[in-house]
Every structure is written in structure tokens, then in C-alpha cells.
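K.L.:
this is a predicted model, with the sequence first.
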Amino acid sequence: MVRSLRAVIQLVRPAQWVKNVFLFSALIFGAKNTDPEAILASIQAFAIFCMLSSAVYALNDLVDYREDALHPTKKHRPVASGALPPGVAGAISVLLATAGLILASRFPSGFFTTAAGYLVLNLFYNFVGKQQPLLDVIIIAIGFVLRALASAQAIEVEVSAWLIICTFTLCLFLGFGKRRCELASIGDKDKARAHRATLVHYTPDLLNQLLSTTGGIAIITFLLYTLDPGSPGASHNLVFTTPLVVYAIFRYSMVIALGERTGPTDVLIRDKPFLTTALLWVSLTIVLMYRPHVVEPYLPKLRYPGVGTTTTAIARDPAP
């Protein structure tokens with residue numbers, strides 16, 4: 001009984017729920033970040049996407065369990081190892097997907113549509129998309145964009161187009177970085193094919209170009225978000241965190257090029273400079289977004305495109 005319960009927990013991969021923190025993006029960066037109802041709705045939306053994503057993970061293990069059984073590490077997954085019958089994994093996947101959609105139907109229609117679209121997208125990924133180079137990473141990035149869109153639809157607020165584009169390009173950057181990690185750590189083409197079929201179509205030079213492109217666009221769109229006149233006033237202060245954003249992206253690129261890490265999660269947990277930068281950025285963002293009055297008197301007064309007054313002195317001094 002205990003072994004079966006452990007297998008079920010392993011099947012739904014609760015450690016991967018951290019990816020659903022994007023369901024709080026509209027709450028954090030939107031105008032309702034102190035609204036109790038919006039906070040509750042965001043928590044519920046997060047729980048729904050945890051159910052949906054776990055349904056996808058269970059389906060993934062069901063579809064790939066024969067191939068996983070031949071893999072040195074994936075063979076320990078519950079279905080591949082025989083700890084859980086394929087039929088049970090399928091039933092759990094259907095149950096979680098159905099329950100998630102039922103709960104999503106109680107939210108605004110846009111949220112339900114996005115949640116259903118997330119499931120359809122992952123069905124396509126499992127059966128078709130993950131076999132296609134470039135498209136595999138693009139689909140994963142779109143999945144994160146859908147999370148960000150759902151976060152706004154759950155609490156019915158507008159979301160900056162620049163923030164969505166930044167999310168998309170940042171996830172592309174992280175996804176191609178993971179492929180670069182895998183390629184650098186495996187090296188041999190036959191082993192790469194056994195680990196992930198699409199890896200044989202990637203080369204270090206191609207991935208380096210893709211990383212440079214997506215990383216640069218992510219930085220630019222982050223800056224455009226902070227400069228967007230339509231963003232909440234406190235969001236403009238995030239421009240002061242730009243050095244941290246740039247360093248984090250450059251550091252990630254450097255670490256994965258060495259092939260010492262397996263992907264974004266491994267870099268975040270094990271690379272101390274990257275982790276320190278990430279924690280510092282989160283801390284500064286919380287202060288700048290939620291306690292702007294504490295820091296604004298000490299910030300330089302900047303004039304932003306489309307804004308008639310400086311953001312650090314909105315009601316005090318006209319822009320020079």
C-alpha cells in the first residue's frame with residue numbers, strides 16, 4: 001500500500017508544480033495584488049493547473065513507459081519500473097484532467113478555454129510535438145505563456161503584452177539551455193538519441209545561436225515591460241533590477257555551456273551565484289512592487305516613454 005502510494009506521488013511529480021507559479025504572475029504584477037478575492041482566485045487557479053499538469057505527467061509516463069524502461073534514469077519512473085500498472089496511470093491521468101476542467105469551468109470562460117487549450121497542447125506534444133526539433137521547445141514555452149494568460153483570466157485583469165512576450169522568450173531561452181546541457185553532458189549521438197530523439201538534430205553552434213537570440217529578446221522585452229505606460233506605476237521601478245536580470249541570463253548561459261548542469265532547475269538549486277541573484281531579484285521585486293513608497297525617495301527620478309511625470313515622484317514633480 002505504501003509502495004503504491006509512493007508510486008502515485010512519483011507519477012504526478014509534485015516537485016514540478018513549481019512551474020505553475022506563473023499562475024501568480026498577474027496577481028504579482030497586476031492592479032489586484034492586494035485584493036483578497038484575487039489572491040484566493042490565484043491560489044485556486046494554481047491548484048487547478050497543478051492537477052492538469054500532473055494529468056499530463058501521468059499521460060507522459062503511460063505513453064513512454066516502454067522507452068523509459070530502457071533509459072538509465074527514467075527506468076525508475078513508476079510505470080516503467082512496474083510499480084504502477086499502465087491502466088492505473090491512465091485512470092489517474094483522466095481523473096485529474098476531468099477534475100481540473102470541472103473546477104476550471106467555475107472560473108471565467110476565458111480561463112476555462114486556456115486550461116483546456118493547455119491540455120490539448122500537451123496532448124499534441126506527447127504524441128507529435130516532442131519528436132520535432134525546435135517545435136518541442138516552442139510548445140513547452142507556449143505552455144508557460146498559457147499559464148501566464150490564465151493567471152490574468154482567473155482574476156480578470158489586463159496583462160501586458162510585453163510581459164507575455166518576455167515569458168515566451170525567456171522560456172525558449174531556458175528550454176534551449178536545457179537541450180544544450182543535455183548535449184554537452186551526453187556528447188555521443190547514439191546516447192543522445194536514446195535520451196531524447198530530437199537531440200540529434202541540435203548542434204552546439206545552433207543552440208548557442210538560439211540562446212543568444214532568445215536571451216537577448218527576453219532582456220529587451222523585460223525592459224519594454226518596465227517602460228510600458230500601461231503597466232502599474234510600481235512596475236516601472238523594476239528597471240532598476242535590470243543588472244540582476246542581465247547577470248542571471250549571462251550566468252545561466254555560461255554554466256550550461258560547461259555541461260555541468262542538467263537544466264534550469266539544477267542550475268537554480270546548485271549554482272550559488274545564480275541562486276543568489278534570483279533570490280535578490282525576487283526580494284527587490286517584492287519591495288519595489290509592494291512597498292514602493294519605502295524606496296522611491298532614494299531612487300533617481302527617471303522619465304519614461306509615454307509617461308508625463310517621473311515614476312519616483314508621480315504626484316510631486318513634473319518631468320524635466
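P.N.:
It's in.
K.L.:
all helices of the stretch 201-320 of the chain, in order?
P.N.:
Using DSSP state H, counting those that start in this stretch, the helices assigned to the stretch 201-320 of the chain run over residues 204-227, 242-257, 264-270, 272-290, 292-295.
K.L.:
mean neighbour count and distance to residue 157 for the ones you listed - can I get that in JSON lines?
P.N.:
For every residue, glycine as well, the C-beta is placed using N, CA and C. As requested, those are exported to JSON lines (neighbours: other C-beta atoms under 10 Å; distance: least, C-beta to C-beta, whole Å):
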{"stretch": "helix 204-227", "mean neighbour count": "18", "distance to residue 157": "15"}
{"stretch": "helix 242-257", "mean neighbour count": "17", "distance to residue 157": "23"}
{"stretch": "helix 264-270", "mean neighbour count": "16", "distance to residue 157": "27"}
{"stretch": "helix 272-290", "mean neighbour count": "15", "distance to residue 157": "14"}
{"stretch": "helix 292-295", "mean neighbour count": "13", "distance to residue 157": "19"}
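K.L.:
okay, those in JSON lines with distance to residue 60 next?
P.N.:
Rendered in JSON lines, the data for these read as follows (distance: least, C-beta to C-beta, whole Å):
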{"stretch": "helix 204-227", "distance to residue 60": "23"}
{"stretch": "helix 242-257", "distance to residue 60": "23"}
{"stretch": "helix 264-270", "distance to residue 60": "17"}
{"stretch": "helix 272-290", "distance to residue 60": "27"}
{"stretch": "helix 292-295", "distance to residue 60": "42"}
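K.L.:
now for the protein: which helix has the highest residue count?
P.N.:
The longest helix of the chain (DSSP state H) is helix 36-68.
K.L.:
how about the following helix or strand past that helix as PDB, C-alpha atoms only?
P.N.:
Following the chain from helix 36-68 toward its C-terminal end, the next helix or strand by DSSP states H and E is helix 78-81. Below are the C-alpha coordinates for helix 78-81, written out as PDB (Å, rounded to 0.1, in the frame of the first residue of the first chain):
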ATOM      1  CA  PRO A  78       6.600   4.200 -11.600                       C
ATOM      2  CA  VAL A  79       5.100   2.800 -14.800                       C
ATOM      3  CA  ALA A  80       8.400   1.900 -16.400                       C
ATOM      4  CA  SER A  81       9.600   0.200 -13.300                       C
END
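K.L.:
how about helix 78-81: buried residues?
P.N.:
Judged by neighbour count (16 or more other C-beta atoms under 10 Å), helix 78-81 contains these buried residues: 78, 79, 80.
K.L.:
need the residues that contact it.
P.N.:
Here helix 78-81 makes contact (C-beta atoms under 8 Å, 6 or more residues apart in numbering) with 7-8, 10-11, 61-62, 64-66, 68-69, 71, 74-75, 84-86, 89.
K.L.:
so which residues make contact with whichever helix or strand comes after it?
P.N.:
Stepping forward along the backbone from helix 78-81, the first helix or strand reached (DSSP H and E) is helix 86-104. Contact with helix 86-104 is made by 8, 11-12, 44, 47-49, 51-52, 54-56, 58-59, 61-62, 65, 78-79, 111-112, 115-116, 119, as judged by C-beta under 8 Å, 6+ apart.
K.L.:
check which residues of helix 86-104 are buried.
P.N.:
Under the neighbour-count rule (16+ other C-beta under 10 Å), helix 86-104 has 88, 89, 90, 92, 93, 96, 97, 100, 101, 103, 104 buried.
K.L.:
what packs against the next helix or strand after it?
P.N.:
Proceeding C-terminally, helix 86-104 gives way to helix 109-127 as the next helix or strand, assigned by DSSP H and E. In this structure, helix 109-127 packs against helix 36-68, helix 86-104, helix 135-155, with contacts taken as 3 or more C-beta pairs under 8 Å, 6 or more residues apart in numbering; DSSP states H and E.
K.L.:
any low-confidence regions in the stretch 1-150 of the chain?
P.N.:
1-2, 70-73 (pLDDT under 70).
K.L.:
mind redoing it with 90?
P.N.:
Low-confidence segments of the stretch 1-150 of the chain, defined by pLDDT under 90, are located at 1-7, 15-16, 18-19, 25-35, 60-84, 126-131.
K.L.:
next, the contact list for residue 246, please.
P.N.:
With contact taken as C-beta under 8 Å, 6+ apart, residue 246 is in contact with residue 219.
K.L.:
cutoff 10 Å now
P.N.:
When the contact criterion is C-beta atoms under 10 Å, 6 or more residues apart in numbering, the partners of residue 246 are 215, 219, 222, 223, 277.
K.L.:
residue 207 too?
P.N.:
137, 176, 177, 178, 179, 180, 181, 182, 183, 184, 256, 257.
K.L.:
what number of residues lie near the residue found closest to it once you drop the neighbours it is linked to in the chain?
P.N.:
With sequence-adjacent residues excluded and distances taken as C-beta to C-beta, 6 or more residues apart in numbering, residue 207 is closest to residue 180, at 4.4 Å. Here the neighbour count serves as a burial measure; for residue 180 (other C-beta atoms under 10 Å) it reads 23.
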